[in-house]
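Chemist: Any chance you can model this:
(one chain, ligands or ions: 1)
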Amino acid sequence: MLGQHILKTDSVHLEFDGRKILQDIYLDCRQGEVVGLLGRNGCGKSSLLRIIFGTLKPSYKHISIDDRHVYKGYDGGRVTYLPQHNYLPQNIKIESLAEIIIDPQFADEFTALPIYQNHYQKKPSQLSGGELRQLETLMCIYSRADFILLDEPFTHVSPVQAEMFKEVIRRCAKLKGIIVTDHQYYNILDVADRIVLITDGSTKAINNPDDLIRYGYINHMI
Ligand SMILES: Nc1ncnc2c1ncn2[C@@H]1O[C@H](COP(=O)(O)OP(=O)(O)OP(=O)(O)O)[C@@H](O)[C@H]1O
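Modeler: Below you'll find the predicted structure:
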């Protein structure tokens, strides 16, 4: 049921080479909402998403879905993650990948997209860099997981494409919980229901866009 599932991430402690990256983290996301995650370069946004997904192991974390402890988000397919790099297997037909990855509730919508219609008989290795990124981003957003983590979906994407991604994110968020990070903060402010900023290893709830200036993330609003 809508709003039933909740993903909570708490008490993350991550260090690299003795340098504290994340230390005072609380991030939750309910089905039905888009949470925007912002922060300066190197503050730990990708690390936090990878910790939730389960591909980066910090010294401590507490992650739960509906208050049940989760060791690796990808186990059981509850959580999926769009990394900054390509993730689809290169030599399997896109049509076959879609059958495995896409949520049946969104299959008609996904398979009607031009990026699918034009390429479904090809393999990912036969797409251009931009086409592949578009396909991977959309496959992640339309995937079967309850919680979707998107790392820089708007980077290297044209404004028209970004608008289309935002519409898809909003539609899918009616059934899913989505956490999205990007340096195109205006797109994040536009698509997210609420914003969380990582600064000095800690998460801060942003209640007003002016808070982004107060915490030194931006100098002024555009
Ligand atoms: N495997 C690693 N070994 C050592 N340091 C690392 C490793 N991975 C990440 N770091 C460091 O951890 C910090 C956080 O990296 P992360 O990629 O999570 O930041 P980010 O907020 O996503 O950055 P950006 O916005 O630039 O993509 C950075 O200072 C980075 O250099």
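Chemist: Those residues of this protein touching the ligand, which are they?
Modeler: Residues of the chain lying close to the ligand (Cβ under 6 Å from any ligand atom) are F16, D17, I21, G39, N41, G42, C43, G44, K45, S46, S47. In this view, the C-beta of every residue, glycine as well, is placed from N, C-alpha and C.
Chemist: Show me where this protein has its helices.
Modeler: 45-53, 94-101, 107-111, 114-117, 129-141, 159-172, 185-191, 210-214 (DSSP state H).
Chemist: buried residues in the second one?
Modeler: Translated: helix 94-101. Neighbour counts over helix 94-101 (16 or more other Cβ atoms under 10 Å) mark I94, L97, A98, I101 as buried.
Chemist: Next, work out how far apart S125 and the ligand are.
Modeler: Relative to the ligand, S125 is positioned 26 Å away (Cβ to the nearest ligand atom, to the nearest Å).
Chemist: Quick one: residues contacting P124.
Modeler: With contacts defined as Cβ atoms under 8 Å, 6 or more residues apart in numbering, P124 is in contact with N86, L88, P89, Q90, N91, I92, I94, L97, L132, L135, E136.
Chemist: confidence score at the third one?
Modeler: In this case it means P89. With respect to pLDDT, P89 scores 95.
Chemist: burial measure for it, as a count.
Modeler: Residues lying near P89 (other Cβ atoms under 10 Å) number 11.
Chemist: Can you tell me how far Q126 is from the ligand?
Modeler: Plainly put, Q126 is 28 Å away from the ligand if you go by Cβ to the nearest ligand atom.
Chemist: How many neighbouring residues does that residue have?
Modeler: 14.
Chemist: Torsion angles phi and psi at the closest residue to it other than its chain neighbours?
Modeler: Excluding the flanking residues, the one nearest Q126 by Cβ to Cβ, 6 or more residues apart in numbering is H119, at 7.7 Å. Note on H119: backbone dihedrals following degrees, to the nearest 10 are phi -130, psi 0.
Chemist: Can you name the residues that contact H119?
Modeler: I94, Q126, L127, E131, L135.
Chemist: repeat for T111
Modeler: Neighbour list for T111: A98, I102, Q117, Y120 [criterion: Cβ under 8 Å, 6+ apart].
Chemist: now it: how far from L38?
Modeler: For T111, the distance to L38 equals 33 Å [Cβ to Cβ, to the nearest Å].
Chemist: could you pull out the strands for this protein?
Modeler: 6-16, 19-22, 26-30, 34-39, 60-65, 68-69, 79-82, 147-151, 177-181, 194-199, 202-206 (DSSP state E).
Chemist: Looking at the ones you listed, which one is packed in the most?
Modeler: Across the strands of the chain, averaging neighbours per residue (mean count of other Cβ atoms under 10 Å) puts strand 177-181 on top, at a mean of 26.
Chemist: Residues contacting it, please?
Modeler: Strand 177-181 has contacts (Cβ under 8 Å, 6+ apart) with 5-7, 27, 29-39, 45-46, 49, 52, 141, 146-153, 169, 172, 188, 191-192.
Chemist: tell me which residues of stretch 48-58 are tucked away?
Modeler: Applying 16+ other Cβ under 10 Å to stretch 48-58 flags L48, L49, R50, I51, I52, F53, G54, P58 as buried.
Chemist: for that stretch, the distance to its chain's centre please.
Modeler: 12 Å (Cα atoms, centre = their mean, to the nearest Å).
Chemist: Now do the same for it: mean pLDDT, whole number.
Modeler: 97.
Chemist: and if you look at stretch 73-86?
Modeler: Averaged over stretch 73-86, pLDDT sits at 92.
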